[in-house]
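Colleague: prediction below, plus the sequence it came from.
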Amino acid sequence: MNPVRKRRRAIVDQAVCVACGCCVKVCPLGAIEIVNGIAARVNQDKCVGCGKCARECPASVIVIQEEVKA
């Protein structure tokens, strides 16, 4: 029987992100960058889903989602 693994990751709603950079400053792994001064983007290979960015975001446009992998 294969164990079910859950992976948490941050997702940014880029349509409403104001590119303030608050998330970039608090990310402990440097997984977030501001692209073209328009919106934040999460590098999913680096993100561990800790949630610091979501808690810090003043616009509440970052959510932490769980993926289930078999």
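Modeller: Structure's in. What do you need?

Colleague: backbone dihedrals for the residue nearest in space to the middle of the chain, please?
Modeller: Central residue of the chain (CA atoms, centre = their mean): Ala10, 2.7 Å from the mean position. Torsion angles at Ala10 (phi, psi; degrees, to the nearest 10) stand at phi -90, psi 140.

Colleague: pretty sure it contacts Val42?
Modeller: Yes. Assessed by CB atoms under 8 Å, Ala10 is found in contact with Val42 at 4.8 Å. Just so you know, the C-beta spots here come from the backbone N, C-alpha and C atoms, and that holds for glycine as well.

Colleague: intersection of neighbour lists for the two?
Modeller: Common neighbours of Ala10 and Val42 (criterion: CB atoms under 8 Å, 6 or more residues apart in numbering): 31-32, 53.

Colleague: Throw those residues into CSV and include distance to Ala15 and secondary structure, thanks.
Modeller: Converted to CSV, these look like this (distance: CB to CB, whole Å; DSSP: H, G, I helix; E, B strand; the rest coil):
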residue, distance to Ala15, secondary structure
Ala31, 20, coil
Ile32, 17, strand
Cys53, 17, helix
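
Colleague: in a markdown table, list the residues you listed along with distance to Pro3 and neighbour count.
Modeller: Supplementary listing: those in a markdown table, determined by distance: CB to CB, whole Å; neighbours: other CB atoms under 10 Å:
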| residue | distance to Pro3 | neighbour count |
| --- | --- | --- |
| Ala31 | 25 | 21 |
| Ile32 | 29 | 23 |
| Cys53 | 28 | 26 |
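
Colleague: so the nearest residue to Cys57 once chain neighbours are set aside is in which element?
Modeller: Nearest non-adjacent residue to Cys57, counting by CB to CB, 6 or more residues apart in numbering: Cys23, 5.7 Å away. Cys23 belongs to helix 22-26 when assigned by DSSP states H and E.

Colleague: list the buried residues of that helix.
Modeller: 22-24 (16 or more other CB atoms under 10 Å).

Colleague: got a pLDDT number for Asn2?
Modeller: pLDDT for Asn2: 64.

Colleague: next, work out how far apart the residue nearest to the centre of the chain and Val16 are.
Modeller: Applying CB to CB, to the nearest Å, the value for Ala10 to Val16 is 15 Å.
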